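*Asks:* Sharing a model prediction with you, sequence too.
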Amino acid sequence: MTNSLISESRLSLQYASIGGDTTTIRSLDWDRSRFDIEFGLRNGTTYNAFVIQGEQTALVDSSHAKFRGIWMSLLQTHVNLKEIDYLIVSHTEPDHSGLISDLLEFNPELEIVASKVAIQFLTNQLHKPFKSRAIKSGEILDLGINPKSSSHHRIEFLSAPNLHWPDTIFSFDHGSGILFTCDAFGLHYCSDDIFDVDPGLIATDFRFYYDCLMGPNARSVLQALKRMKGLPDINLIATGHGPLLKEHIGLWIRGYNEWSSQRSNEVDYAAICYISQYGFCDQLSQAIARGVGKAEVQVQLIDLRATDPQELTALISEAKAVVIPTWPTQQEIELQQSVSTLLAALNTKQWVGVYDAYGGNDEPIDSAVAKLRSIGQRSAFDPIRIRQIPDSNDYQCCEEAGTDLAQLLTRKKNIAAMKSIDGELDKALGRISGGLYVITAEKDNRSSAMVASWVSQASFDPPGLTIAVAKDRAIEALMQVGDHFVLNVLRSDNYQPLLRHFLKRFPPGADRFSGINILNKASMGGPILADSLAYLNCLVSQRMEGPDHWIIYAIVKDGNVSDIEASTAIHHRKVGNHY
């Protein structure tokens, strides 16, 4: 089948055969710059749906509502909507389920096949009756034999909760060897390439997507990978976002396994609770989880609306820290029971934090905090108060609160690690000196800064430098490939005030530039410190992962020196195993 392309502004569609009596409808959103938990996108994204044709026809997922006009039109061009027998809903997040209501308008007899939790969510979303079938892991949907290819399409379902919604299922077609995974194994990357033809081109986005959406539930990822091992050979991973994975399947699966295994090796974990489809719980909890994960602490996201009471008790009671949203004052019975189970499972040895769900009917956050204090809970961070629809600063505050919490949990381990390194090696490493710099970055009304000394020129043409940035630094989120930042060079005769200011601990969400004399230039990637010796405006070109730091290679776009007679401040260390 030829590849069909329909364009409307910067939204476009592809309809193409991907083999095994299966076609894809890829919704290309070229200009989308933010997604889900407010992390930035540099290459847009896609929303992928699929048509499987056996004796009967199944549609796997739909698309974002913004594609309504052109998506429905293209689908009707190739498929008689009244002849679609099943709609398999991988999960109910709006970017994949935004056109379900439209499909039911054309075909009221369409049977929706999804997990039990997804059916419950759709009942609340659609506000209309629909035919449905709730399926469990291991169940089969038989589409029969395609008369043209003689392939027998039997769809086996694999439960994959929390990847990254609680209602997620995978679908494996035994007739084609295609595994439909929705968000899992995806990436936010928009291009005309349907498949993963160049792994190097998409590897950075693939890892960034994993860290943001899958990493916080690494244990759930490993459970899904175990279920996948029971399948026959997988010929194609049909993802919900980005290119489909066909050419390098082993590479992507190994990555998920290695990263998730590393995260799950830690016994200690933080339980981040949320209430699905209530207020901004989903996005805020994920921002906190991302902050925790940056400090190499394991996270377990827990949906209070969908988690079994027995499992909820086990996850909460075993956690070293628990983060709780404000809950609705008026609750359905199941959610009321979950909140009661949660509170009963807490113990006084845990760190506990609270954040505003901003759902419009919340238990006041001060009331929730008082209730926790009355049962002896230790505060992990100041209550995160959301007084408006969350913006980028609120999400940054959540991320920083998560990182602070993780550092509380790892404090003893880090101290022990410092003491365990060989003394002579430690002293020798400490003899590697460096300059003193302040990195500043600003993007989408978010800003941050950090003191750096691990900086080195790395290339002449183009002029480039490398910076080692600890994974738990707040600024790391603003130094992705394609981001700009400013390297401020401190001067030897006047560096102490700036050093003291930027070395102090800032509360989550605090303005790091309050009281600092800065020069703002529209073309710069961050504030220029007026008292610095020089500045370099840099563009992140590549990132390489180390054990506890990201190595950032950046191209220097321009710069200036304020005093050619002054010299750079130098940092001499005594030991080389910590800052």
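*Replies:* Now that the structure is in, tell me what you want to look at. Numbering: from 1, shown residues only.
*Asks:* make it CA atoms for all contacts and neighbour counts henceforth
*Replies:* Fine.
*Asks:* Any idea how many residues pack against the residue lying closest to Tyr535 once chain neighbours are set aside?
*Replies:* Leaving aside its chain neighbours, Tyr535 sits nearest to Asn488 (4.5 Å; criterion: Cα to Cα, 6 or more residues apart in numbering). For Asn488, the count of nearby residues is 26 (other Cα atoms under 10 Å).
*Asks:* what pLDDT does Asn488 get?
*Replies:* pLDDT for Asn488: 96.
*Asks:* number of nearby residues for the residue lying closest to Leu315 once chain neighbours are set aside?
*Replies:* In space, and not counting its chain neighbours, Leu315 is closest to Ala271: 7.2 Å by Cα to Cα, 6+ apart. Ala271 has 24 neighbours, counted by other Cα under 10 Å.
*Asks:* so how far is His152 from Ala271?
*Replies:* As judged by Cα to Cα, to the nearest Å, Ala271 and His152 stand 43 Å apart.
*Asks:* quick revisit: contact partners for the residue nearest to Tyr535?
*Replies:* Tyr437, Val438, Ile439, Thr440, Ile528, Leu529, Ser532, Leu533, Ala534, Tyr535, Leu536 (Cα atoms under 8 Å, 6 or more residues apart in numbering).
*Asks:* at 10 Å instead, please
*Replies:* Counting by Cα atoms under 10 Å, 6 or more residues apart in numbering, Asn488 touches 436-440, 451-452, 526-537, 559.
*Asks:* Now the buried members of those.
*Replies:* By neighbour count, with 16 or more other Cα atoms under 10 Å, the contacts of Asn488 hold 436-440, 451-452, 526-529, 531-537 as buried.
*Asks:* Mind checking which of the residues you listed land in strands?
*Replies:* Secondary structure from DSSP state E places Tyr437, Val438, Ile439, Thr440, Val451, Ala452, Ile528, Leu529, Ala534, Tyr535, Leu536, Asn537 of the buried ones among the contacts of Asn488 in strands.
*Asks:* tell me the pLDDT at the first one?
*Replies:* With respect to pLDDT, Tyr437 scores 96.
*Asks:* Which residues does it form beta bridges with?
*Replies:* Taking DSSP bridges as the rule, Tyr437 bridges to Ala452, Val489.
*Asks:* how close does it sit to Thr466?
*Replies:* Distance from Tyr437 to Thr466, by Cα to Cα: 13 Å.
*Asks:* what do you get for the fifth one?
*Replies:* Summarising the geometry, the distance separating Val451 from Thr466, computed by Cα to Cα, is 15 Å.
*Asks:* In the stretch 201-350 of the chain, mark out all the helices, start to finish.
*Replies:* With helices called from DSSP state H, counting those that start in this stretch, the stretch 201-350 of the chain shows them at 218-229, 249-264, 281-294, 309-318, 333-345.
*Asks:* Give me the three-state assignment for Leu122.
*Replies:* What DSSP: H, G, I helix; E, B strand; the rest coil gives for Leu122 is helix.
*Asks:* where exactly do the strands run in the stretch 351-500 of the chain?
*Replies:* Along the stretch 351-500 of the chain, the segments classed as strands by DSSP state E, counting those that start in this stretch run 351-355, 378-379, 434-435, 437-443, 446-452, 455-459, 464-470, 484-489.
*Asks:* Show me this protein divided up by domain.
*Replies:* Annotated domains of the chain cover 4-262, 267-412, 426-571 [automatic domain parsing].
*Asks:* Name the nearest residue to the residue nearest the centre of the chain, sequence neighbours excluded.
*Replies:* Taking Cα atoms, centre = their mean, the centroid of the chain lies closest to Cys212, which sits 1.9 Å from it. Excluding the flanking residues, the one nearest Cys212 by Cα to Cα, 6+ apart is Arg290, at 6.1 Å.
*Asks:* check contacts around the one you found.
*Replies:* Arg290 makes contact with 37, 211-216, 284, 297, 299, 398-400, 402-403, 472, 477, according to Cα under 10 Å, 6+ apart.
*Asks:* For this structure, which helix extends over the most residues?
*Replies:* helix 392-420 (DSSP state H).
*Asks:* Off-centre distance for that helix?
*Replies:* Helix 392-420 sits 18 Å away from the centroid of its parent chain (Cα atoms, centre = their mean, to the nearest Å).
*Asks:* List the buried residues for it?
*Replies:* For helix 392-420, a neighbour-count test (16+ other Cα under 10 Å) marks 392-407, 409 as buried.
*Asks:* Count the residues that sit near the residue lying closest to Ile439 once chain neighbours are set aside.
*Replies:* Spatial nearest neighbour of Ile439, excluding adjacent residues (Cα to Cα, 6+ apart): Leu487 at 4.7 Å. When neighbours are counted by other Cα under 10 Å, Leu487 registers 29.
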